[in-house]
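Enquirer: missing the sequence, but the structure's below:
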């Protein structure tokens, strides 16, 4: 029997995957948040996800996209437009989580992003994501680096 804590962690992984898919759709098409949220409910993994967590992160990313974009650009040596939409989607979700979910250790946020990148992204995209998110964690989670 699976514990509630383990179930919640698995649910968050599914939520993060759905967040990536939703942000990707917003990047590739237009950010019609209500339509994306409506359509994502048809995803087979939606029933296994933490819906509240999905709504908090995806809603937060869509409401703060310009600020997140500006911050991400400071961690890059190239323009955002040169990034893969999958990698960028993962970075948006993870950066929002780093900024606004301090109860989740930064290492967990980065590890989850890497695992999703390995599953959905290009062959070495996870290395790039790791580098960007490490810079973001050092900026947004300074207190965790002091420990």
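Expert: Cool, the structure landed. Everything numeric here is computed off the predicted structure, so don't read it as measured data.
Enquirer: From residue 15, how far out is the spatially most central residue of the chain?
Expert: In the chain, the C-alpha nearest the mean C-alpha coordinate belongs to residue 93, at 2.3 Å (Cα atoms, centre = their mean). Per Cβ to Cβ, to the nearest Å, residue 93 is found 9 Å from residue 15. To be clear about C-beta, it is placed using only N, CA and C from the backbone, and glycine gets the same treatment.
Enquirer: again, but for residue 137
Expert: Counting by Cβ to Cβ, the gap from residue 137 to residue 15 is 20 Å.
Enquirer: Over to residue 99?
Expert: Distance from residue 99 to residue 15, by Cβ to Cβ: 17 Å.
Enquirer: again, but for residue 142
Expert: 26 Å.
Enquirer: can you check residue 25 too?
Expert: From residue 25 to residue 15 the distance is 15 Å (Cβ to Cβ).
Enquirer: Buried residues, the strand or helix carrying residue 136. List them.
Expert: If you go by DSSP states H and E, residue 136 is part of helix 125-140. Neighbour counts over helix 125-140 (16 or more other Cβ atoms under 10 Å) mark 125-126, 128-129, 132-133, 136-137, 140 as buried.
Enquirer: Nothing else from me, thank you.
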